[in-house]
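[1] sequence and computational prediction follow.
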Number of protein chains: 2
Amino acid sequence: MTDALAELTVPSRLLLGPGPSNVHPRVYQAMMTPVIGYLDPAFIQLMDDTQRPLRTVFRTENDMTMPVSGTGTCGMEAAIYNIVEPGDTVVVCQNGYFGTRMADMAKRCGAEVSLVEAEWGRIIEPDQVRQALKAAGRVKAVMIVHGETSTGILQPLEEISRIAHEHGALFLVDAVTSLAGCELLIDEWGIDVCYSGTQKCLSAPPGMSPITLSAQAMEVIAKRKEPVRSWYVDMTMLGRYWGGGTTRMYHHTPPMTMLYALREGLRIVLAEGLEPRFARHQRAARALAAGLEAMGLVLHAQEGYRLPPLTTVRVPESVDDMKLRQGLLQGHNIEVGGGIAALQGQVLRIGLMGYNATAGNVLALLLALETELAKQGFRVEPGAGVAAAARALAAQA
Amino acid sequence: MTDALAELTVPSRLLLGPGPSNVHPRVYQAMMTPVIGYLDPAFIQLMDDTQRPLRTVFRTENDMTMPVSGTGTCGMEAAIYNIVEPGDTVVVCQNGYFGTRMADMAKRCGAEVSLVEAEWGRIIEPDQVRQALKAAGRVKAVMIVHGETSTGILQPLEEISRIAHEHGALFLVDAVTSLAGCELLIDEWGIDVCYSGTQKCLSAPPGMSPITLSAQAMEVIAKRKEPVRSWYVDMTMLGRYWGGGTTRMYHHTPPMTMLYALREGLRIVLAEGLEPRFARHQRAARALAAGLEAMGLVLHAQEGYRLPPLTTVRVPESVDDMKLRQGLLQGHNIEVGGGIAALQGQVLRIGLMGYNATAGNVLALLLALETELAKQGFRVEPGAGVAAAARALAAQA
């Protein structure tokens, strides 16, 4: 062999972008747990130990609550592909990148897609959904993103859920960025299908996608005319594997190490408690917002609907977005995200997720940002951002 | 929170089943590498560092060589879904569990499936494929499993590949259990699409699926009439992400930790060298076979076509298969697999894969097996299996 590989060396970054976020140290430890077989009695215990806390975090009693063996996008595919089949009409809310993706997936399942659109950075209004449903006739599902990572919007869900159900449609929600970072009440809000990811507010590496489906959703799936277009995420088959009892039907070899990571991430969430955890995310996000505004920057997302785990801020006209982010990465080891698609070059996306939603990270980022903005001639009163954030943190303490 | 989770405790097993196999200790270490963002320059380096050794291990020059972000089944879905579309006819060779799965997936893509069948434990004969192709008319692809984990068969591929190409069909191969454990020459044998898994002979945890596609396969994909039914494993989109250059188009957040694991697994393979690694697998499998036969047991797979990483052996009539495997697990911490589907209760499946393909593991298993067989009244001359294996090892040294 001539092409020997060098030892893996990777810089240690502070990941304050749209995800992945930094992994909790205890999650790394859990990943050292030896891999076992998928029929081992210890594995059956592990499945239960993952499903039970997932139900707690999703605030649901749904039997069908489990992680899918892929990243958040795989969870999106699991959610949409199981529900939608050719000939169906679905309403997809599109006010950011991930709504667009949902629509594309629904089309690949053979659905007619009715789009409800809003500006990238504003919420979808319930009335828009009501109108779309009226116009569309029989609708299989309404799909929406709870926390839009591309825009920084936290979408209110309750009223839209009610509207969807009044119309006889299922309600399907993307909670990749919101789960375990913001209030999300699956059962109380009437959400039928919801998926998330491990690499955001759960502080585990990317690689699994928690999903939950209501009994109504499973009934709809049971009545499908065609098999689910994906084999890998066919929930009926996955249900026979994850669905309790002693007869577990082999479907695929689960990514054991990622399950250990998810279990440990959930364990940390349960120990902190959901309410304190949401409050911590809000505190950090408010301090960040105060700091950014004190530096003369403008927040992008609609006021009153900002997503605590992910803040979008406008890049000043005079500033080169790419250079700014490279400066943060190379000079300070801090990663933040840039805008994508419709917001390319226009915003920074700053994540404060799970383990990373701390006062210290807010202050470190603001200071680094001040330094890098100054390098591009965007002058800020020295320390103004940090001071404002500190005051906001103190006021909330 | 009332449902706090206990600390994760999992027994340390010797995994001599059909996979997952034990993870190399250095792979565990690599998984402690901090997660980074998917746009970090260090990540671009990591992608290259994974794709280059994958090409070496697959023995291919294919540009499109990369890991898919899911387990082996996800790789199977990636392979089949990208090639097959409604109206296509495909020939699927079915002499075990995974051939059956391939056929099911091809049907979900809307294909007409022509089956070529053989007994579970015998190879597919080239003439069978020739007949099927003649009968089927225009065929998009011939699909076959290289190492059938359900039966222990190592399928010869060269002649069938030639037959498929003569007929104008692509040749698609499942190498989940054979990659890095048995000779597999993608380019020389004319394999157009091939996928594998990380948890077998690569000695990493389950969670990623290496895949490679020839230029011809990519041309066929480029000419599709319909979009690929799966969004998650659409190779055209994945190619824009993994396909070199500086403009990497975001598709999904890759499971970073699993990439670190795969990279380290590949690094270990390159350091050992492919030929010595294959020889090690053969040596261990021959010793195991000698030991099993010396104990009066009967190997299941057709002679001359046995899969070194996975040996199938008949369970004696008088022996309760489930009790036997439970005895091995509980009394000796050794996992072996049972038969599935057509072979349920009839065979043991013994894996000696990657890190686990050692003389020591062969001897430990044979001794434990002797003990457990004796408990069920199946008497073996004490030490006969171990002695025969030791002789076989010595003869091959």
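    Received, thanks. Numbering: from 1, shown residues only, chains lettered A, B, ... in the order given.
[2] what about A:Thr236, neighbour count?
    Other residues near A:Thr236 come to 15 when the count uses other CB atoms under 10 Å in any protein chain shown. All C-beta spots, glycine's among them, are computed from the backbone N, C-alpha and C.
[3] cool, and the one 3 residues further on?
    Per other CB under 10 Å, the neighbour tally for A:Gly239 reads 18.
[4] can I assume it is in contact with A:Asn62?
    No: at 11.2 Å, A:Gly239 does not count as touching A:Asn62 under the criterion of CB atoms under 8 Å.
[5] which parts of chain A are helices?
    Along chain A, counting by DSSP state H, helices occupy A:25-30, A:41-58, A:72-83, A:97-108, A:126-136, A:158-166, A:215-222, A:235-242, A:256-272, A:274-294, A:321-332, A:359-375, A:384-396.
[6] would CSV of those with distance to chain B and mean pLDDT be doable?
    Converted to CSV, the helices of chain A look like this (distance: least, CB to the nearest CB, whole Å; pLDDT from 0 to 100):
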stretch, distance to chain B, mean pLDDT
helix A:25-30, 6, 97
helix A:41-58, 5, 94
helix A:72-83, 4, 98
helix A:97-108, 5, 97
helix A:126-136, 23, 98
helix A:158-166, 23, 98
helix A:215-222, 15, 98
helix A:235-242, 10, 92
helix A:256-272, 4, 98
helix A:274-294, 8, 98
helix A:321-332, 7, 98
helix A:359-375, 15, 98
helix A:384-396, 23, 96
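[7] out of those, which comes closest to A:Gly19?
    Nearest to A:Gly19, of all the helices of chain A, is helix A:72-83, at 8.4 Å by CB to CB.
[8] that closest one: which residues count as buried?
    A:Gly72, A:Thr73, A:Cys74, A:Gly75, A:Met76, A:Glu77, A:Ala78, A:Ala79, A:Ile80, A:Tyr81, A:Asn82, A:Ile83 (16 or more other CB atoms under 10 Å in any protein chain shown).
[9] the fourth one against A:Ala175, yeah?
    It stands for A:Gly75. No: in this structure, A:Gly75 is not within contact of A:Ala175 by CB under 8 Å, at 9.4 Å.
[10] overlap of the contact sets of those two?
    Both A:Gly75 and A:Ala175 are in contact with A:Tyr195, A:Ser196, where contact means CB atoms under 8 Å, 6 or more residues apart in numbering or on different chains.
[11] which bits of the stretch 101-250 of chain A sit near chain B?
    Residues of the stretch 101-250 of chain A lying near chain B by CB under 8 Å from any CB of the partner chain: A:101, A:104-105, A:107-109, A:197, A:199, A:205-207, A:227-232, A:250.
[12] report how many residues lie close to the closest residue to A:Trp231 other than its chain neighbours.
    Excluding the flanking residues, the one nearest A:Trp231 by CB to CB, 6 or more residues apart in numbering or on different chains is B:Met105, at 4.9 Å. When neighbours are defined as other CB under 10 Å, B:Met105 has 25 of them.
[13] how near is B:Met105 to A:Leu366?
    The gap separating B:Met105 from A:Leu366 is 51 Å, by CB to CB, to the nearest Å.
[14] now A:Glu381
    12 Å.
[15] who's more crowded, the two?
    Comparing A:Glu381 with A:Leu366 by other CB under 10 Å, the one with more neighbours is A:Leu366, at 27 against 11.
[16] got the contact list for that one?
    With contact set as CB under 8 Å, 6+ apart, A:Leu366 has these partners: A:Leu288, A:Gly291, A:Leu292, A:Met295, A:Gly385, A:Val386, A:Ala389.
[17] can we see that at 7 Å?
    Taking CB atoms under 7 Å, 6 or more residues apart in numbering or on different chains, we find A:Leu366 in contact with A:Gly291, A:Gly385, A:Val386, A:Ala389.
[18] in contact with the second one, which residues?
    Which is A:Gly385. By CB under 7 Å, 6+ apart, the neighbours of A:Gly385 are A:Gly291, A:Leu292, A:Ala294, A:Met295, A:Leu366, A:Leu369, A:Glu370.
[19] and the two most separated of the residues you listed?
    A:Ala294 and A:Leu369 (11.5 Å).
[20] between those two, which is the more surrounded one?
    Neighbour count, other CB under 10 Å: between A:Ala294 and A:Leu369, A:Leu369 has more, with 27 against 20.
[21] so who does that one touch?
    A:Leu328, A:Gly385.
[22] how near is it to A:Gly337?
    Relative to A:Gly337, A:Leu369 is positioned 13 Å away (CB to CB).
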